[in-house]
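> after the sequence you'll find the predicted model.
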Amino acid sequence: MAVATTAGKNAALSAMADAILRNEQAILDANAVDVANGHESGLSGSFMDRLKLNPARVKAMAEGIREIAALRDPVGDVIAAWDRPNGLHIERVRTPLGVIGVIYESRPNVTADAGALCLKAGNPVILRGGSDSLNSSAAIHACLVEGLKAAGLPQDAIQFVSTADRVAVGEILKGLGGNLDVIIPRGGRSLVERVQSEARVPVFAHLEGICHVYVDRSADLDMAVKIAVNAKMRRTGVCGAAETLLVDRAAAATHLVPILEALRAAGCEIHADTEVLKAFSDASPATDADWVTEYLDAIIAVKLVDGVAGAIEHIETFSSHHTEAILAEDAQAVERFFNEIDSAILLHNASTQFADGGEFGMGAEIGIATGKMHARGPVGVEQLTSFKYRVRGSGQVRP
């Protein structure tokens, strides 16, 4: 796979997209089984939202694969090059990471995204989806194999672990006898923490999204209302959904109630600190747990803070370092927010729901990495590569 041609990889991706559209009904039928099982098992609303497929979501999967095919092939790119005084010419060149294991929950579309992204970057991949989406993921994987066959690439380049037995996860975490080079978990805190604690190979950390929206005193009110509602309510079950709203105490009289009324009208439950409760009684008292909870539901925690400094202090204390947004017209407040907050994605006057590889122009993503090593933020094609050095000489020896 490391030496597969760009044309060959793109042909496979195009055939995969065609196969997904051609087999739409089979995918939806398989998903209906998973959804029925999910209802019977009592899965939460947010889990069910991530699990459920419809024709639009199937079409989006195919379109995402085509977007990945259209991306520049990173393998072989010369990242940097320089010459030494002794005549040596040195190049840093992108290479595939190797065999990748992806462990994920609920979202069957990750099967398509992860398979396609790894293929484009020249990496074989072993996919282990959650037991709740086993039928859907298997149907999607069959389409990916069709694409590999059509392009004459090895069918084993994208493998799917079809058993729901949790022992399989343990074997992957052990590294499959030295055959795995990196593991990428995508799911809730319990999954990610298990992977981080048990894995014997490097892990790209994709921790929960405790995402914040801070409304500064300088924020445009109409914009703040629109963005706050979108950041929370567009899709509550995605990792980029806002979980905490921080409002500048200096803007409480003008901004707080209109934003909370809009959220309430959109069906959002509000957990408010003491000061917010005084201004907006249609809320529940917030507890300490609210500031560290990823609801993945129509619930938001709300707190007043002392300007951008107070917002930074709160975020650095409670954030999972995923995505934070500042709504402000004050350029100095924005720069301070950007400079002092250590999260993977920071936004100014935009919804946290843009925390998505597709929205970043990456075609798709395997997830949002919240760690600090190697990849950070959306993990797309480039982030699934490493590099090596090529040194060209003309007979040099070291004295």
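That came in fine, so what should we check first?

> any idea how many residues pack against Q25?
11 (other Cβ atoms under 10 Å). Every residue, glycine included, has its C-beta placed from N, CA and C.

> er, C118 I mean
So C118, with other Cβ under 10 Å, has 26 neighbours.

> the closest residue to it other than its chain neighbours pairs with what?
Ranked by Cβ to Cβ, 6 or more residues apart in numbering and with sequence neighbours excluded, the top spatial neighbour of C118 is V125, at 3.8 Å. Per DSSP bridges, the residues bridged to V125 are I100, I158.

> what's the answer for R392, then?
Note on R392: beta-bridge partners by DSSP bridges are H89.

> what count of nearby residues applies to it?
11.

> what's the answer for H314, then?
H314: 18 neighbours (other Cβ under 10 Å).

> you'd agree it is in a helix?
Yes: assignment of H314 by DSSP: H, G, I helix; E, B strand; the rest coil places it within a helix.

> just list the residues touching it, thanks.
212, 244, 246, 291, 303, 305 (Cβ atoms under 8 Å, 6 or more residues apart in numbering).

> look up which residues are beta-bridged to the second one.
Each beta-bridge partner of T244 is listed here: H212, A301, as defined by DSSP bridges.

> my read is that it contacts I299, right?
No: using Cβ atoms under 8 Å, T244 and I299 do not qualify as a contacting pair, with a distance of 10.5 Å.

> looking at those two, which has the bigger crowd around it?
Neighbours around T244 and I299, counted as other Cβ under 10 Å, are more numerous at T244. The numbers are 26 against 16.

> that one: what's it in contact with?
210-213, 290-291, 300-303, 314, 318.

> the strands in the stretch 51-200 of the chain, which residues?
For the stretch 51-200 of the chain, the strands defined by DSSP state E, counting those that start in this stretch cover 78-83, 89-96, 100-104, 125-128, 158-160, 182-186.

> how about those strands in a markdown table, adding mean pLDDT and distance to E63?
A markdown table is the format used below for the strands of the stretch 51-200 of the chain (pLDDT from 0 to 100; distance: least, Cβ to Cβ, whole Å):
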| stretch | mean pLDDT | distance to E63 |
| --- | --- | --- |
| strand 78-83 | 97 | 29 |
| strand 89-96 | 97 | 25 |
| strand 100-104 | 93 | 20 |
| strand 125-128 | 96 | 20 |
| strand 158-160 | 97 | 19 |
| strand 182-186 | 89 | 20 |
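
> reformat those as JSON lines; add distance to A36 and mean neighbour count.
Shown next, in JSON lines, are those (distance: least, Cβ to Cβ, whole Å; neighbours: other Cβ atoms under 10 Å):
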{"stretch": "strand 78-83", "distance to A36": "49", "mean neighbour count": "10"}
{"stretch": "strand 89-96", "distance to A36": "39", "mean neighbour count": "16"}
{"stretch": "strand 100-104", "distance to A36": "21", "mean neighbour count": "26"}
{"stretch": "strand 125-128", "distance to A36": "22", "mean neighbour count": "24"}
{"stretch": "strand 158-160", "distance to A36": "21", "mean neighbour count": "21"}
{"stretch": "strand 182-186", "distance to A36": "24", "mean neighbour count": "25"}
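
> reformat these as a markdown table; add distance to C143.
As requested, those are exported to a markdown table (distance: least, Cβ to Cβ, whole Å):
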| stretch | distance to C143 |
| --- | --- |
| strand 78-83 | 33 |
| strand 89-96 | 23 |
| strand 100-104 | 17 |
| strand 125-128 | 13 |
| strand 158-160 | 10 |
| strand 182-186 | 20 |
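
> closest to R390 out of the ones you listed?
Among these, the nearest to R390 by Cβ to Cβ is strand 89-96 (4.5 Å).

> need the residues that contact the closest one.
1-2, 74-84, 121-123, 382, 384-393.

> same check, this time on stretch 228-239
By Cβ under 8 Å, 6+ apart, the list of residues contacting stretch 228-239 from outside reads 45-47, 49-50, 206, 208-209, 211, 213, 215, 241-242, 245, 259, 262-263, 266-268, 294-298, 300, 322-323, 325, 327, 351-353, 355-356, 367-368.

> identify each buried residue in it, please.
Judged by neighbour count (16 or more other Cβ atoms under 10 Å), stretch 228-239 contains these buried residues: 228-233, 236-239.

> could you pick out the buried ones from the contacts of stretch 228-239?
Using 16+ other Cβ under 10 Å, the buried ones in those are 46-47, 49-50, 206, 208-209, 211, 213, 215, 241-242, 245, 259, 262-263, 268, 294-298, 300, 322-323, 325, 327, 351-353, 355-356, 367-368.

> from these, which land in strands?
Counted as lying in strands by DSSP state E, out of these, are 211, 213, 215, 242, 245, 300, 323, 325, 327, 368.

> of those residues, closest to F160?
I368 (23.0 Å).

> correct me, but the closest one touches G380?
No: using Cβ under 8 Å, I368 is not in contact with G380; the gap is 10.6 Å.

> related to what we said a few turns ago, just send the contacts of T244 back as TSV, with pLDDT too.
What follows is the contacts of T244, written out as TSV (pLDDT from 0 to 100):
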residue	pLDDT
I210	94
C211	97
H212	98
V213	98
D290	97
W291	98
I300	98
A301	98
V302	98
K303	98
H314	98
F318	96
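
> turn those into CSV, including distance to A157.
Output for those, formatted as CSV (distance: Cβ to Cβ, whole Å):
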residue, distance to A157
I210, 36
C211, 34
H212, 39
V213, 41
D290, 44
W291, 43
I300, 42
A301, 44
V302, 47
K303, 48
H314, 45
F318, 41
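
> just those residues now: which is nearest V334?
Closest to V334, out of all of the contacts of T244 and judged by Cβ to Cβ, is V213, at 13.7 Å.

> okay, that closest one and C239: tell me how far apart.
Separation of V213 from C239 (Cβ to Cβ, to the nearest Å) stands at 15 Å.

> check V308 too.
Counting by Cβ to Cβ, the gap from V308 to C239 is 24 Å.

> same question, D290
18 Å.

> now do stretch 15-31, average pLDDT.
The pLDDT scores in stretch 15-31 average 98.

> ramachandran angles for A333?
The phi/psi pair for A333 (degrees, to the nearest 10) reads phi -60, psi -40.

> perfect, I'm done here.
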